[in-house]
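J.: give me a 3D structure for the following:
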Amino acid sequence: RRSLGVQRSLKGVVRLRRDYEAKIKIAEDAKGALADEEQKLRVLKKQAEAGKLQDPARLRYQEREVSKAWDRLTECEQARDSAELALHRAGDQGEVAAQEAAPVEVAAKEAKAEGPVG
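T.: Prediction:
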């Protein structure tokens, strides 16, 4: 029974690790998207300073896009951090379950090695 509990705990940790790794990737993508939007905004601001910006609405639009990208990055980083915390909690619980199950597994292996009694 304990062995099954340990297996379930380990499977849960593996699932949480995959989830965490996926959220790391999503957060990195959001960070890259923010950098792209900020670069576009810098170009538009330089054009505006030089008096070469044809449509001032583009500047306002790009400022909104940067704000949206910041919001997205914040959400992604919070999700990533929550996944990391869940992984650490599950890992700690998995270690405790594995330590509790170890003596039972050793006893079972010893009994099996001794063969049938009688």
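J.: give the buried residues for stretch 4-15.
T.: For stretch 4-15, a neighbour-count test (16 or more other C-beta atoms under 10 Å) marks Val6, Ser9, Gly12, Val13 as buried. For glycine as for every other residue, the C-beta is placed from the backbone atoms N, C-alpha and C.
J.: next one: the third one, what pLDDT does it get?
T.: We note a pLDDT of 86 for Gly12 in this prediction.
J.: where's the helix or strand harbouring it relative to the chain centroid, distance-wise?
T.: Using DSSP states H and E, Gly12 falls within helix 2-49. Distance of helix 2-49 from its chain centroid, counting by C-alpha atoms, centre = their mean, to the nearest Å, is 6 Å.
J.: Throw the buried residues of stretch 4-15 into CSV and include distance to Leu59, thanks.
T.: Output for these, formatted as CSV (distance: C-beta to C-beta, whole Å):
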residue, distance to Leu59
Val6, 58
Ser9, 53
Gly12, 49
Val13, 48
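J.: excluding chain neighbours, what is closest to the spatially most central residue of the chain?
T.: Taking C-alpha atoms, centre = their mean, the centroid of the chain lies closest to Tyr20, which sits 2.8 Å from it. In space, and not counting its chain neighbours, Tyr20 is closest to Ala83: 4.2 Å by C-beta to C-beta, 6 or more residues apart in numbering.
J.: how about the one you found, secondary structure?
T.: helix (DSSP: H, G, I helix; E, B strand; the rest coil).
J.: okay, now it: neighbour count?
T.: Per other C-beta atoms under 10 Å, the neighbour tally for Ala83 reads 20.
J.: ok, it - contacts?
T.: Leu16, Asp19, Tyr20, Lys23 (C-beta atoms under 8 Å, 6 or more residues apart in numbering).
J.: make sure the first one is actually in contact with Leu85.
T.: The reference is to Leu16. No. Taking C-beta atoms under 8 Å as the definition, Leu16 is not a contact partner of Leu85, at 10.0 Å.
J.: between the two, who's got more neighbours?
T.: Counted by other C-beta under 10 Å, Leu16 and Leu85 do not tie: Leu16 has more neighbours, with 20 against 12.
J.: confidence score at the nearest residue to the more buried one once chain neighbours are set aside?
T.: In space, and not counting its chain neighbours, Leu16 is closest to Leu87: 4.4 Å by C-beta to C-beta, 6+ apart. pLDDT, Leu87: 93.
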